[in-house]
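1. have a look at this fold, sequence not included:
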């Protein structure tokens, strides 16, 4: 990962309880949504799953993201949208930092 890191205003947010080793996130909580600031090691594959709508932005690194039947390589500066209920998966071969907006208030529990 580059020398860029999240600033203290992000790292002072509550940490998410993550089900994957090698992933950490800080959560900004709203009444009807969560925004997660993720740091992801090259952990390999996150298995197919679905949930509420998700909009994301790659801050650093590269990831393969499959949304429905379409797989695309996303790099720094790319954004993506996953509609509610659509099955998706990801593969992380490099370290990544991504920001994800989830259209649900309890996507991740916090510590």
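-> Cool, got the structure. Predicted, not measured: the structure shown is a model, and the values here were computed from it. Numbers count the residues shown, from 1 in each chain.

2. list the contacts of residue 91.
-> Shown in contact with residue 91 (CB atoms under 8 Å, 6 or more residues apart in numbering): 44, 45, 46, 63, 64. For the C-beta atoms, the positions are set from N, CA and C on the backbone; glycine is no exception.

3. which is the next helix or strand following the helix or strand hosting residue 73?
-> In the assignment (DSSP states H and E), residue 73 maps to strand 70-75. Counting by DSSP H and E, the next helix or strand C-terminal to strand 70-75 is strand 79-82.

4. tell me which strands that next one pairs with, and in which orientation.
-> Next to strand 79-82 in the sheet, as set by DSSP bridges, lie strand 54-60 (antiparallel).

5. for the strand holding residue 73, name the packing helices and strands.
-> With contacts taken as 3 or more CB pairs under 8 Å, 6 or more residues apart in numbering; DSSP states H and E, strand 70-75 sits against strand 62-67.

6. show me what the strand it packs on is in contact with.
-> Contacts to strand 62-67, defined as CB under 8 Å, 6+ apart, come from residues 40, 48, 71-76, 80, 82, 86, 88-94, 96, 98.

7. these, buried ones only, as a ChimeraX selection?
-> A single ChimeraX command selects the buried members of those (16 or more other CB atoms under 10 Å):
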select :40,74,80,82,88,90,91,92,96,98
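
8. list the pairing partners of the least confident helix or strand in the chain by mean pLDDT within its sheet, with orientation.
-> Across the helices and strands of the chain, mean pLDDT, DSSP states H and E gives its lowest value to strand 44-49, namely a mean of 92. Sheet pairing of strand 44-49 (DSSP bridges) gives strand 88-92 (antiparallel).

9. what's the angle from the strand it pairs with to strand 62-67?
-> If you take axes from the mean of the first three to the mean of the last three CA atoms, to 10 degrees, strand 88-92 sits at 170 degrees to strand 62-67.

10. show me the shaky parts of this protein.
-> Across the chain, residues meeting the criterion (pLDDT under 70) sit at 1-4.

11. residue 88 reaches residue 47, doesn't it?
-> No. Residue 88 is not in contact with residue 47 according to CB atoms under 8 Å; the separation is 10.1 Å.

12. neighbour-wise, which of the contacts of residue 91 leads?
-> Counting neighbours by other CB atoms under 10 Å, residue 63 comes out on top of the contacts of residue 91 with 22 neighbours.
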